[in-house]
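Asks: Sequence below, structure please.
(one chain, ligands or ions: 1)
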Amino acid sequence: VLPYTAIAELLSKVSLAAFVTDLADAIALTYEDNKLDSITRTGWPSPPDTLEVMGCQSTDFTCVKLISSNPSLTASALPTVTGTMVCTEVGTDTARLVCDAAILTPLRTASSTAVIMRQVVPDVERIGIIGAGREGACHGFTLATTLKNVTEVLLYDLDPKQSRRAAREVTELLARNDVGAGRQVKVYNIDITNIESIYTCDTIVTATYGDGSVISNRPPNRLADGTFIAAIGSDLVGKRELDFTVYDSAKFIADDLTQCLHEGELQHAAIKFRLDTAGTGSHRGTLLDGRIVSVADLLSGNAAFARRREPVTVYDSTGFSGQDLGLARVLLRALKAENWPTSVWNPPRSLPLTSLYKDH
Ligand SMILES: NC(=O)c1ccc[n+]([C@@H]2O[C@H](COP(=O)([O-])OP(=O)(O)OC[C@H]3O[C@@H](n4cnc5c(N)ncnc54)[C@H](O)[C@@H]3O)[C@@H](O)[C@H]2O)c1
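Replies: Residues are numbered from 1 along each chain as shown. Model (predicted):
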């Protein structure tokens, strides 16, 4: 049972750079898993906030996450995204892991973005990030760590204090973790006066509250051919971060195709493409002759997607439950390697009620 303090202690023992690298590998495997069966994400939306349940099962574990996003509570001491993940063993269905998901979710989301970028734009050098909160900062660190040609990370936030803080945090985390081969990564805090520098980056990550478009493809801000956009913030009905002008010139990679058509950037792009948003009923699938491809199809080799010549590639990230299963597996391995003390969660059958419910 891991509250956030225990997770922080575990991560400090295994090294954050090693953790996100292992995580990316473990997440990639979940997309190839034909036995993975996920439930439709559901919850109690109260826009702009929401509380949701998501989960999946494979042959080893069932992994469920209760996750909330509360951008309306930015003045509170809690982070915007909080949650709890529970992982049970298939067969006995007993809990193997119960943990905080607030500090882990942005690391798993960023590692999932790294999986796609390693495949599609492995040589990326400059990463611009719009929305420098937890997701933005974790993307800065994780992408600079896992993509070996990254030399610059630019962080912009509507709140300048937040972009300054994220730039400090990413700089220090990179300094503490060896990014390899004497490579220096420069981290810049961008303000509104030089926001156009984000458009000069070969990759742009958007990790805002998704309450309006933050990237367009119209003068004076044109996206260069080959730009890769990771749209992280649109993960609920009504949310969006990209302007229609971006959709016009883009091909899409959906972390969970049906979910993206329902609540990702693709919910809006689908209108433009006159698509049925019912999706395929699965996280897999390919639409419009490869213009829209699921991560699962991309990783298993999708020639139609590779042939598409749209100048911009958008990774539509809504949060696929397999990513959490990958995270749970990496955590369980790390806990075992560290001989972490286990908690017995459920009582044995033989335990008499009288020993449980004692009289005072
Ligand atoms: N795709 C996924 O798997 C996934 C997972 C978790 C969270 N999310 C989503 O990612 C988003 C960010 O989550 P977080 O935990 O980083 O929240 P956060 O509150 O830590 O960070 C969000 C930041 O975006 C900034 N921001 C808001 N509007 C902006 C704008 N128009 N321009 C620039 N900056 C702006 C805020 O000031 C804040 O600093 C949320 O929408 C959340 O729902 C997606």
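
Asks: Can you pull up the residues of the protein that come close to the ligand?
Replies: With C-beta under 6 Å from any ligand atom as the criterion, the chain meets the ligand at residues 69, 79-81, 105-106, 109, 130-136, 157-159, 162, 207-210, 214, 232-233, 235, 317-319. Glycine gets a C-beta too; all of them are placed from N, C-alpha and C.

Asks: at 5 Å what do you get?
Replies: With the criterion set to C-beta under 5 Å from any ligand atom, the chain comes near the ligand through 69, 80-81, 109, 131, 133-135, 157-159, 162, 207-210, 214, 232-233, 235, 317, 319.

Asks: hmm, which of those are the buried ones?
Replies: Buried residues within the residues of the chain next to the ligand, defined by neighbour count using 16 or more other C-beta atoms under 10 Å: 69, 80-81, 109, 131, 133-135, 157, 162, 207-210, 214, 232-233, 235, 317, 319.

Asks: among the residues you listed, which are in helices?
Replies: With DSSP state H as the criterion, helices contain 109, 134, 135, 162 from among these.

Asks: want to throw the residues you listed into TSV with distance to residue 274 and pLDDT?
Replies: Below are these laid out as TSV (distance: C-beta to C-beta, whole Å; pLDDT from 0 to 100):
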residue	distance to residue 274	pLDDT
109	30	98
134	36	98
135	31	98
162	38	97
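
Asks: Give me the buried stretch members for stretch 32-43, please.
Replies: Quick answer for stretch 32-43 (16+ other C-beta under 10 Å): 36, 38, 41.

Asks: Revised request: answer the last question for stretch 51-65.
Replies: Neighbour counts over stretch 51-65 (16+ other C-beta under 10 Å) mark 52-58, 60-65 as buried.

Asks: now the strands for the stretch 201-350 of the chain?
Replies: Remark: strands assigned in the stretch 201-350 of the chain by DSSP state E, counting those that start in this stretch are 203-206, 211-215, 228-231, 240-242, 250-254, 286-287, 292-294, 312-316.

Asks: Of these, which stretch is the most buried?
Replies: Of all the strands of the stretch 201-350 of the chain, strand 203-206 has the most neighbours on average by mean count of other C-beta atoms under 10 Å, namely a mean of 28.
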